[in-house]
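Enquirer: prediction below, plus the sequence it came from.
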Amino acid sequence: ETGVTQTPRHLVMGMTNKKSLKCEQHLGHNAMYWYKQSAKKPLELMFVYNFKEQTENNSVPSRFSPECPNSSHLFLHLHTLQPEDSALYLCASSQEASGTFYGYTFGSGTRLTVV
Amino acid sequence: GENVEQHPSTLSVQEGDSAVIKCTYSDSASNYFPWYKQELGKGPQLIIDIRSNVGEKKDQRIAVTLNKTAKHFSLHITETQPEDSAVYFCAASKSSASKIIFGSGTRLSIRP
């Protein structure tokens, strides 16, 4: 366990379903991120939250909706997805203090399959 | 914006030999360079990192080197073992940005 927990580990959903991915960190970090990892593609940053405020949205389609109720929890709400959205969704957290960045801690990811 | 290129995309080495993975970055303001290892079914794990005020860092069988002038950095794994088989990602960031740009990954296979 890395200290960043993602649930569920696997998810199969139809294109008309609504589901949510959950991420929880107990590291005291102040930033959380969603990444998408597809086969044969680099890691794609989707959303960044610093102290619960969204600071970046990397042109992600509106069928992905993030929510960060507090600095320990991050959700990704999914609706009306397409088969090309099938991927590994990774959550990460990091601590930035006094202008020094200490890198990410990743969760194990949620393997999403859209049918 | 920052761009990180990583080579090779796949690498196969004999157990006990060394493996080297190379990356280049484009933004001269980048000053933090982590390396991540991703095993099957897991998220990427930080294995070593280097900041721009040093040229080399070692941790047992793993070492990273940084050439700021050429904007190159490399991962060196010596005496490779089967458990080193994984996908390795280099990355670059500016300390104040807390956003990492990743390379495309290298799939390392260790032949017994």
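Expert: Arrived safely.
Enquirer: and B:Phe102, how many neighbours?
Expert: Neighbour count of B:Phe102, defined by other C-beta atoms under 10 Å in any protein chain shown: 23. Yep, even glycine has a C-beta here, placed from its N, CA and C like the rest.
Enquirer: bridging residues for it?
Expert: B:Ala91 (DSSP bridges).
Enquirer: go ahead and confirm it touches A:Leu43.
Expert: Yes - the criterion here is C-beta atoms under 8 Å, and B:Phe102 meets it with A:Leu43 at 4.5 Å.
Enquirer: between the two, which contacts overlap?
Expert: Listed as contacting both B:Phe102 and A:Leu43 by C-beta atoms under 8 Å, 6 or more residues apart in numbering or on different chains are B:Phe89.
Enquirer: is there proximity between whichever strand or helix holds A:Trp34 and chain B?
Expert: Using DSSP states H and E, A:Trp34 falls within strand A:31-37. Yes - using C-beta under 8 Å from any C-beta of the partner chain, strand A:31-37 reaches chain B at A:Ala31.
Enquirer: give me the buried positions along that strand.
Expert: Buried residues in strand A:31-37, defined by neighbour count with 16 or more other C-beta atoms under 10 Å in any protein chain shown: A:31-37.
Enquirer: tally of neighbours for the residue nearest to A:Gly3 when sequence neighbours are not counted?
Expert: Among residues not flanking A:Gly3 along the chain, A:Leu27 sits closest, at 4.5 Å (C-beta to C-beta, 6 or more residues apart in numbering or on different chains). Neighbours of A:Leu27 under the rule other C-beta under 10 Å: 13.
Enquirer: so A:Leu27 sits right up against A:Gln95, yeah?
Expert: Yes - counting by C-beta under 8 Å, A:Leu27 does reach A:Gln95; the two are 7.3 Å apart.
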